[in-house]
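*Asks:* The following block contains a protein sequence and its predicted model.
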Amino acid sequence: MKKINETVKSKSYPVRLLQFGEGNFLRGFIDQMIDVSNEAGVTDIGIVMVKPRSGALNSAFKEQEFKYTVSLRGLTGDSPVTRERIITSVSDVISCYDDHERFMEYAVSDDLRFIVSNTTEAGIVFDENDRMDMDPPDSFPGKLTKLLYARYKHFNGDRDKGLIILPLELISNNARVLESCVKKLADTWGIEAGFTGWLDEACIFCNTLVDRIISGYPYDEADKLREEWGYEDRLTVCGELFGLFIIEGDERVMKELPLDKAGLPVKYVKNIVPYKTRKVRILNGAHTGFSLWSYLKGHDTVLESMEDKEVWDFVNRLLFDEVIPTIELDEKELKSFARDVLSRFRNPFIRHELRSIALNSISKWRARLLPTMLDFIDLKGELPPCIVDSLAALLLYYRGSTDSGSGYAGSRTVNGRREEYEIMDDQSVISFLKQHEKDDVDGYIGSVLSNADFFGTDLLSIKGLKEAVTESYLKLNKACG
């Protein structure tokens with residue numbers, strides 16, 4: 001069977017984007033968007049992927065001449081849709097450890113204009129052990145600082161040779177945090193003040209928000225797809241059809257990276273905070289709102305949950321009656337986003353486990369649903385019933401016992417059979433719960449709601465909340481067996 005690189009011609013683009021990370025998300029998200037935009041004639045951007053960690057590169061990159069397939073699958077209305085594309089905009093994949101000299105050559109290229117990264121949420125950190133003479137420094141900010149300083153020196157501080165930097169890591173103010181790390185390293189390394197001035201005047205650090213589920217290589221379908229496509233591809237990336245890329249930047253960024261002109265789901269904004277709030281409260285809030293209750297009912301995945309009319313109706317009430325009224329964005333836009341979220345939940349191509357959503361649920365409930373509850377109370381003068389039910393489900397799910405082989409476990413009934421599940425959270429959370437596992441229902445609920453370490457405040461101070469949660473808890477406990 002043919003290899004993928006034997007089925008499509010190579011294309012040549014100037015290397016304008018250096019990408020820290022070669023993993024599934026970047027390849028199925030930003031690289032797919034760049035490739036679409038290049039084909040549409042909107043951009044002319046070649047990509048070089050940089051492996052930011054030590055270790056061997058996947059040999060398939062060079063063997064396939066840096067080509068791979070992206071398969072995006074989802075629903076349009078109730079109809080399944082698949083969009084496939086062979087990516088041809090990547091011209092090289094290197095290791096900044098094993099290919100450090102080549103890495104630094106790209107750093108000072110005349111054509112280079114963009115830096116993109118996805119080094120995980122833990123990747124944007126200041127490392128006091130980084131040094132300029134390391135090839136390369138250990139941390140991503142260290143590598144970036146060395147790259148930018150080399151560029152600054154090579155072009156003698158030319159303001160036209162700055163870069164547009166777009167970190168995609170899922171942390172708040174990702175660009176501001178990264179910029180702060182770079183400046184702190186510059187100060188620590190004793191770099192001249194002119195470099196900091198060049199960063200301020202020539203470089204643009206853009207906060208971003210990204211949204212697309214990328215499931216990666218389709219191991220279960222690889223043979224079927226190989227026969228269907230007629231070629232071998234060891235780097236296939238699968239993901240959902242939905243995508244959203246929000247960039248906080250000025251007109252210079254819109255002009256130089258006009259991905260929206262290619263019909264891509266990219267939005268340029270002056271303030272990213274409302275959009276982050278929208279995502280956290282609608283998408284993430286919905287996940288946390290129904291997942292624990294649905295799991296206790298006997299479901300294992302998001303899709304199974306959406307096929308249960310009771311859960312489906314609950315999520316709709318949660319989003320449209322309680323969450324959306326608390327967000328200060330255009331209501332029409334919010335409802336459209338919520339409908340997209342519900343469609344994504346029903347995607348038959350994505351298996352999203354409820355247990356993965358359940359991990360660390362106390363901190364998730366605090367971040368995703370508590371602010372909505374407080375705003376709803378301020379707005380309406382009453383408790384939001386669906387969010388109250390979600391809090392009751394959280395308490396019921398976390399009501400465990402040490403009398404099990406799993407250390408601390410809860411239990412649910414599935415098809416008339418009782419089964420245990422391990423409760424997974426920070427050790428401090430588990431330790432607290434163990435201290436109260438023998439409490440009666442009233443004592444247990446009161447102890448958890450009053451724990452300010454869990455919620456940042458004593459929830460017992462909210463009028464009527466304990467009574468409402470207790471009533472819901474007892475009903476859910478009876479209904480879930």
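*Replies:* Cool, the structure landed.
*Asks:* Could you look up the SS state of residue 421?
*Replies:* In the three-state summary, residue 421 is assigned as strand, counting by DSSP: H, G, I helix; E, B strand; the rest coil.
*Asks:* Now do the spatially closest residue to it that is not a sequence neighbour, the pLDDT please.
*Replies:* Using C-beta to C-beta, 6 or more residues apart in numbering and skipping the chain neighbours, the partner closest in space to residue 421 is residue 410 (5.7 Å). C-beta coordinates here come from the backbone N, C-alpha and C atoms, glycine included. The predicted local confidence for residue 410 comes out at a pLDDT of 92.
*Asks:* Pull out the buried positions in whichever strand or helix holds residue 410.
*Replies:* Under DSSP states H and E, the secondary-structure element containing residue 410 is strand 409-414. For strand 409-414, burial by neighbour count (16 or more other C-beta atoms under 10 Å) applies to 409, 410, 412.
*Asks:* Identify all contacting residues around that strand.
*Replies:* 295-298, 397-401, 418-423, 480-481 (C-beta atoms under 8 Å, 6 or more residues apart in numbering).
*Asks:* before we move on, the earlier item: for the buried residues of strand 409-414, which one is nearest residue 333?
*Replies:* Taking C-beta to C-beta as the measure, residue 333 sits nearest to residue 412 out of the buried residues of strand 409-414, at 37.6 Å.
*Asks:* so where do the strands sit in the stretch 51-200 of the chain?
*Replies:* 68-76, 79-87, 90-95, 114-117, 164-167 (DSSP state E, counting those that start in this stretch).
*Asks:* Kindly present these as CSV, with separate columns for mean neighbour count.
*Replies:* Converted to CSV, these look like this (neighbours: other C-beta atoms under 10 Å):
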stretch, mean neighbour count
strand 68-76, 20
strand 79-87, 14
strand 90-95, 20
strand 114-117, 23
strand 164-167, 24
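*Asks:* Point out the one among the ones you listed that comes closest to residue 307.
*Replies:* The minimum distance between residue 307 and the strands of the stretch 51-200 of the chain falls on strand 68-76, with 13.3 Å, by C-beta to C-beta.
*Asks:* Dump the strands of the stretch 51-200 of the chain into JSON lines; add distance to residue 355 and mean pLDDT as well.
*Replies:* What follows is the strands of the stretch 51-200 of the chain, written out as JSON lines (distance: least, C-beta to C-beta, whole Å; pLDDT from 0 to 100):
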{"stretch": "strand 68-76", "distance to residue 355": "23", "mean pLDDT": "94"}
{"stretch": "strand 79-87", "distance to residue 355": "26", "mean pLDDT": "95"}
{"stretch": "strand 90-95", "distance to residue 355": "34", "mean pLDDT": "96"}
{"stretch": "strand 114-117", "distance to residue 355": "30", "mean pLDDT": "98"}
{"stretch": "strand 164-167", "distance to residue 355": "30", "mean pLDDT": "98"}
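*Asks:* Format those strands as JSON lines; extra columns: distance to residue 53.
*Replies:* As requested, these are exported to JSON lines (distance: least, C-beta to C-beta, whole Å):
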{"stretch": "strand 68-76", "distance to residue 53": "20"}
{"stretch": "strand 79-87", "distance to residue 53": "22"}
{"stretch": "strand 90-95", "distance to residue 53": "8"}
{"stretch": "strand 114-117", "distance to residue 53": "12"}
{"stretch": "strand 164-167", "distance to residue 53": "16"}
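*Asks:* Tell me how far the closest residue to residue 420 other than its chain neighbours lies from residue 334.
*Replies:* Spatial nearest neighbour of residue 420, excluding adjacent residues (C-beta to C-beta, 6+ apart): residue 409 at 4.5 Å. Counting by C-beta to C-beta, to the nearest Å, the separation of residue 409 from residue 334 is 38 Å.
*Asks:* now swap in residue 437 and tell me
*Replies:* Relative to residue 334, residue 437 is positioned 40 Å away (C-beta to C-beta).
*Asks:* low-scoring pLDDT stretches of the stretch 301-450 of the chain, where are they?
*Replies:* Judged against pLDDT under 70, the low-scoring parts of the stretch 301-450 of the chain cover residues 404-406.
*Asks:* go with 90
*Replies:* With pLDDT under 90 as the threshold, the stretch 301-450 of the chain has low-confidence stretches at 328-329, 350-352, 356, 401-408, 415-416, 425-427, 437.
*Asks:* can you give me the strands for it?
*Replies:* Remark: strands of the stretch 301-450 of the chain, listed N- to C-terminal, are 409-414, 417-422; assignment by DSSP E, counting those that start in this stretch.
*Asks:* Now the first one - C-alpha only, CSV.
*Replies:* Spelled out, that is strand 409-414. Once non-C-alpha atoms are left out, strand 409-414 reads as follows in CSV (Å, rounded to 0.1, in the frame of the first residue of the first chain):
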residue,chain,number,x,y,z
ALA,A,409,-14.8,4.6,47.2
GLY,A,410,-18.4,5.3,46.5
SER,A,411,-20.9,3.0,44.9
ARG,A,412,-23.7,3.1,42.3
THR,A,413,-26.3,0.6,41.0
VAL,A,414,-26.0,-0.4,37.3
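*Asks:* now the angle from it to strand 417-422?
*Replies:* Using axes from the mean of the first three to the mean of the last three C-alpha atoms, to 10 degrees, the interaxial angle of strand 409-414 with respect to strand 417-422 works out to 150 degrees.
*Asks:* my read: residue 10 touches residue 88, true?
*Replies:* Yes. Here residue 10 reaches residue 88: they are 6.6 Å apart, a contact under C-beta atoms under 8 Å.
*Asks:* returning to what we had before: how far is the strand holding residue 410 from where the chain is centred?
*Replies:* Taking C-alpha atoms, centre = their mean, to the nearest Å, one finds the center of strand 409-414 at 29 Å from the center of the full chain.
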